[in-house]
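Visitor: Give the three-dimensional model of this entry:
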Amino acid sequence: MFTIAYRIVNNRDDAHDVLQDAFIQVFRDIAQYRFDSTLGAWIKTIVVRTSLRHLSKNRNLAFADLEEARSDEMILIPDTLDSEYLEKVILSLPDGYRTVFLLTEVEGFSHEETANMLGISTGTSKSQLHHAKKMLKNRLAALMDE
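Guide: Numbers count the residues shown, from 1 in each chain. A predicted model of the protein is given here:
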């Protein structure tokens, strides 16, 4: 759960705060858990939403309302790429790109779910993902040229 919070807020101290706030909410709202999903999935959703609230409250989380773009572009990651470097490249993305990328590609939320959580349109979610993938692809290509 810490990893999810850290990837979204991109700061270790903030991620600790988010996790603490999220688990306070889990314990406060545990009676509302309806067994529609696993307990872990329910907690993960609380961590994600708490992270997003923290991010939007403490930073200007901006999303460019761009035209809908193709978001099914594959990124080929070389086997020799160090996972720590890949993590750093992902964390270096602008907040909007990184957040949509993490929610859709890493955490598996649909664009509709992501858009709902972030208060943006589905088209904006798709566009942000497209641009995040493009930026990741360019940064990874630069790495391969070195």
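Visitor: and R7, how many residues sit next to it?
Guide: 20 (other C-beta atoms under 10 Å). (Each C-beta comes from the backbone N, C-alpha and C, glycine too.)
Visitor: can you pull the contacts of it?
Guide: Residues near R7 by C-beta atoms under 8 Å, 6 or more residues apart in numbering: I90, L91, R98, L102, V106.
Visitor: Please repeat the previous calculation with a cut-off of 7 Å.
Guide: Neighbouring residues of R7 by C-beta atoms under 7 Å, 6 or more residues apart in numbering: L91, L102.
Visitor: What's the separation between it and V18?
Guide: The gap separating R7 from V18 is 11 Å, by C-beta to C-beta, to the nearest Å.
Visitor: R49 and S127: what is the separation?
Guide: Distance from R49 to S127, by C-beta to C-beta: 22 Å.
Visitor: Between those two, which is the more surrounded one?
Guide: Shown here are R49 and S127; by other C-beta under 10 Å, S127 has more neighbours (25 against 13).
Visitor: where does that one land on pLDDT?
Guide: Listed pLDDT for S127 reads 94.
Visitor: For the helix or strand harbouring it, buried residues please.
Guide: Taking DSSP states H and E as the criterion, S127 maps to helix 122-145. For helix 122-145, the neighbour count (16 or more other C-beta atoms under 10 Å) marks 124-133, 135-136, 139-140 as buried.
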